[in-house]
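[1] Sequence plus predicted model, see below.
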Amino acid sequence: MRIISGSSRGTRLATIESESTRPTSDRVKESMFTMIHFDLPQGRVLDLFAGSGQLGLEALSRGAAKATFVDKNADCTAIIMANAQKAKLFEDCVVCTADVATFISTCREQFDIILLDPPYGELTHSTLQVIFASDLLAPGGVIVVESGEGLNVTQEGYTVRRENRYGTSYVTIIDKN
């Protein structure tokens, strides 16, 4: 696993060996970031269920201003910090060891891009509902969801920009109107 583009291109990233983490393939990651290319410059990114931090670090490498990483597993957050230091992106990172729902309910900051790649399918829908009910996403912001199924988003104030399938993975881009 590596950062595929930007200022830290080619940096190899460590990951935790666990059934609860599922690294995003380079093909899916490249496609995902191509879809949000114009949303990245100077954006504030939130990487939920961050795992190794590869998605948030990719966003920083491609020009995002700041990334906040949230994972409830302390081993994951330790790896995120190590990966951020290795990629020379640590100064632009905030790493939180916390349950995602708890973090969202207590966070008072807004983000331009939310990266959502939960380890289990049932968490995708419930986490999206918590995000929709919060004030977490800035006006004009975007949610990038990697999941094992297509999403039927009918939330007022949000529109699906695009959804692509890559084998068993789906990437859905949701805009906040």
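    Okay, I see it. Everything numeric here is computed off the predicted structure, so don't read it as measured data.

[2] so how far is residue 75 from the residue lying closest to residue 111 once chain neighbours are set aside?
    Once flanking residues are discounted, residue 111 sits nearest to residue 46: 4.1 Å by CB to CB, 6 or more residues apart in numbering. C-beta here means a position set from N, CA and C on the backbone, and glycine is covered the same way. Here residue 46 is placed at a distance of 20 Å from residue 75 (CB to CB, to the nearest Å).

[3] who's more crowded, the two?
    Between residue 46 and residue 75, residue 46 has the larger neighbour count (other CB atoms under 10 Å), namely 31 against 13.

[4] Helix or strand: which one has the more buried one?
    Assigned by DSSP states H and E, residue 46 falls within strand 44-48.

[5] That strand pairs with which strands?
    With DSSP bridges as the test, strand 44-48 is paired with strand 66-71 (parallel), strand 111-116 (parallel).

[6] do you know which of those lies nearest residue 98?
    strand 66-71 (5.7 Å; CB to CB).

[7] Next, format the strands paired with strand 44-48 as JSON lines and append mean pLDDT and mean neighbour count.
    JSON lines is the format used below for those (pLDDT from 0 to 100; neighbours: other CB atoms under 10 Å):
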{"stretch": "strand 66-71", "mean pLDDT": "98", "mean neighbour count": "25"}
{"stretch": "strand 111-116", "mean pLDDT": "97", "mean neighbour count": "24"}
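
[8] all helices in the protein, in order from the N-terminus.
    Assigned by DSSP state H, the chain shows helices spanning 26-35, 54-61, 74-86, 100-106, 121-133.

[9] Please work out which of the ones you listed is packed deepest.
    helix 54-61 (a mean of 29; mean count of other CB atoms under 10 Å).

[10] in terms of contact count, name the helices or strands touching that one.
    helix 26-35, strand 44-48, strand 66-71, helix 74-86, strand 111-116 (3 or more CB pairs under 8 Å, 6 or more residues apart in numbering; DSSP states H and E).

[11] again, only using 10 Å
    helix 26-35, strand 44-48, strand 66-71, helix 74-86, strand 93-97, strand 111-116, strand 137-147 (3 or more CB pairs under 10 Å, 6 or more residues apart in numbering; DSSP states H and E).

[12] want to try a markdown table for the helices of the chain, with mean pLDDT as columns?
    Shown next, in a markdown table, are the helices of the chain (pLDDT from 0 to 100):
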| stretch | mean pLDDT |
| --- | --- |
| helix 26-35 | 91 |
| helix 54-61 | 97 |
| helix 74-86 | 97 |
| helix 100-106 | 95 |
| helix 121-133 | 88 |
